[in-house]
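**Q** Got a sequence here, can you build the structure:
(one chain, ligands or ions: 3)
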Amino acid sequence: GSTIGMLGAGQLGRMTALAAARLGYRTHVYAPDAAGSPAAQVCAATTVAGWDDLDALERFARSVDAVTLEWENVPVATVEHLRRFTTVNPGPDILSVAQDRIAEKSFVNRLGIATAPWRAADSADDVARAVTEIGPRCVLKSTRLGYDGKGQARLDAGRDGGAAAAAAAAAWAAIGGGKPGVAGIVEGFVTFACEVSVIVARGADGQTVAYPAVENRHKDGILDVTIAPAGVSAETAAEADRIARTIAEALDLVGVLAVEMFVTAGGAVLVNEMAPRPHNSGHWTMDACASCQFEQLVRAVCGLPLGSVERVADAEMTNLIGDDVLRWPELLAEPGARLHLYGKAEARPGRKMGHVNRLFPRR
Ligand code: ATP
Ligand code: MG
Ligand code: MG
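**A** Ligands and ions are numbered 1, 2, ... in the order given. Purely as a prediction, here's the structure:
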């Protein structure tokens, strides 16, 4: 049997390893925090001090048949080193784009795909200037390493009035502005009708499949519920699909890519961000599609034909965040509810502990 090497050891790695096992593959995760992690409970694991141990990386690369990742912020230098010994997908060029919001938006805009208006900001003055240029309501984000809405601060010049400069300074400080390596991006605030995402899988031969656009509802910056398919018009769904495929193609992706988008009341589709890996908004595919997103990743990186994305049911995925997971006995007892727990010991607030899929007859 062949072994997939997985960089990162969280729940996405765990669910990929479970899908891999179903197809007869072993998985070996490699991460600084692998010991006791969700993924290490279901497959082999190597725990390392950091991502920069060249000897450990070489040993890992030589012990597996192909490497993929469940976290897009693995240092590019790590992936470049691994590539001297084995194939790694998605590769360093894709990670460079996905790790930095400025690179990401520039890449998307160059393809003629719309985003919110944005400006790079390297100081509180830059933030204040961007708000006057873009419009009163903006979001300042750190360009790198944010997730679940962390590293973001909202700005509203209308609300802040004459104190706009102070508000910009406060926002800049809130995202860690001024600390080494911290850069910012100011985005216009999009008053969206809904948020959608499309997950694309693409093989080394260029074969591409995409799941239908789904609607994502957030609570406190964290994904709460995904509704599949999204209740948007056929035109909007087709546009979201086209955008996601265009990006996957332009990235020359091998693997799985999630593209998060805003849909405005007028029907415009704007890209928010992307992740070159399985995505929380694709967990519904585990119970509602012929092949799930994790199986597609395995197929793509192992050179197998991609699976069918056929939706056998409509679905609603609800995340179990923090103490939500304490409801597991009730969810287990609920007829038809499909419970997925990640094996995390501590239910810290804001932590993704599991999810539940509920299926409905196709509309
Ligand atoms: P994720 O956990 O999805 O990786 P993240 O921390 O990378 O999240 P974003 O996806 O950029 O952050 O933002 C989180 C949420 O905040 C979005 O899903 C959306 O609801 C809201 N948001 C972000 N940017 C904007 C914007 N420009 N206009 C309006 N809402 C926004
Ligand atoms: Mg993100
Ligand atoms: Mg997001």
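**Q** Point out the residues in the stretch 201-350 of the chain that sit beside ligand 1.
**A** Residues of the stretch 201-350 of the chain found near ligand 1, taking Cβ under 6 Å from any ligand atom as the criterion, are 218, 221, 260, 272-273. Heads up, the C-betas are built off the backbone N, CA and C, glycines and all.
**Q** of these, closest to residue 83?
**A** Of all those, residue 273 has the smallest distance to residue 83: 25.0 Å, by Cβ to Cβ.
**Q** isn't that closest one right up against residue 102?
**A** No: contact status for residue 273 versus residue 102: not in contact, 11.6 Å apart, counting by Cβ atoms under 8 Å.
**Q** list the residues that contact both of these two?
**A** Shared between the contact lists of residue 273 and residue 102 (criterion: Cβ atoms under 8 Å, 6 or more residues apart in numbering) there are no residues.
**Q** Tell me which stretches of the stretch 101-250 of the chain form strands.
**A** Residue ranges of the strands in the stretch 101-250 of the chain, as given by DSSP state E, counting those that start in this stretch, are 118-121, 137-142, 152-156, 184-188, 192-202, 208-210, 214-219, 222-228.
**Q** could those strands go into JSON lines alongside mean pLDDT and mean neighbour count?
**A** Formatted as JSON lines, these follow (pLDDT from 0 to 100; neighbours: other Cβ atoms under 10 Å):
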{"stretch": "strand 118-121", "mean pLDDT": "98", "mean neighbour count": "20"}
{"stretch": "strand 137-142", "mean pLDDT": "97", "mean neighbour count": "22"}
{"stretch": "strand 152-156", "mean pLDDT": "94", "mean neighbour count": "18"}
{"stretch": "strand 184-188", "mean pLDDT": "98", "mean neighbour count": "24"}
{"stretch": "strand 192-202", "mean pLDDT": "98", "mean neighbour count": "24"}
{"stretch": "strand 208-210", "mean pLDDT": "98", "mean neighbour count": "19"}
{"stretch": "strand 214-219", "mean pLDDT": "98", "mean neighbour count": "18"}
{"stretch": "strand 222-228", "mean pLDDT": "98", "mean neighbour count": "20"}
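**Q** could these go into a markdown table alongside distance to residue 300?
**A** Written out in a markdown table, the entries for those read as follows (distance: least, Cβ to Cβ, whole Å):
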| stretch | distance to residue 300 |
| --- | --- |
| strand 118-121 | 30 |
| strand 137-142 | 29 |
| strand 152-156 | 31 |
| strand 184-188 | 30 |
| strand 192-202 | 6 |
| strand 208-210 | 10 |
| strand 214-219 | 20 |
| strand 222-228 | 21 |
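**Q** just so I know, which of these lies nearest residue 298?
**A** Once the strands of the stretch 101-250 of the chain are compared by Cβ to Cβ, strand 192-202 is nearest, at 10.0 Å.
**Q** Considering the residues of the stretch 201-350 of the chain next to ligand 1, which is situated nearest to residue 232?
**A** Of all those, residue 232 sits closest to residue 260, with 14.2 Å by Cβ to Cβ.
**Q** OK, contacts around the closest one?
**A** Listed by Cβ under 8 Å, 6+ apart, the contact partners of residue 260 are 195-197, 216, 271-275, 281.
**Q** ok, of these, which one's closest to residue 253?
**A** Taking Cβ to Cβ as the measure, residue 274 is the one of the contacts of residue 260 closest to residue 253, at 10.0 Å.
**Q** Using the three-state scheme, assign the nearest residue to that closest one once chain neighbours are set aside.
**A** With sequence-adjacent residues excluded and distances taken as Cβ to Cβ, 6 or more residues apart in numbering, residue 274 is closest to residue 259, at 4.8 Å. Of the three states, residue 259 takes strand according to DSSP: H, G, I helix; E, B strand; the rest coil.
**Q** center of this protein, which residue is that?
**A** Among the residues of the chain, the one closest to the centroid is residue 275, at 3.9 Å (Cα atoms, centre = their mean).
**Q** List the contacts of that one.
**A** Residues in contact with residue 275, defined by Cβ under 8 Å, 6+ apart, are 72, 98, 257-258, 260.
**Q** Please name the bridge partners of it.
**A** Residue 275 has the following beta-bridge partners by DSSP bridges: residue 258.
**Q** May I ask you to confirm that residue 182 is in contact with residue 145?
**A** No: in this structure, residue 182 sits apart from residue 145 without contact. The criterion is Cβ under 8 Å, and the distance is 9.2 Å.
**Q** Same drill for the two, tell me which one is more crowded.
**A** Neighbours per residue (other Cβ atoms under 10 Å) separate residue 182 from residue 145, with residue 182 holding more: 16 against 13.
**Q** can you pull out the helices in the protein?
**A** If you assign secondary structure with DSSP state H, the helices in the chain sit at 11-22, 54-63, 76-82, 92-98, 101-110, 124-134, 157-160, 164-174, 234-250, 285-288, 293-301, 328-333.
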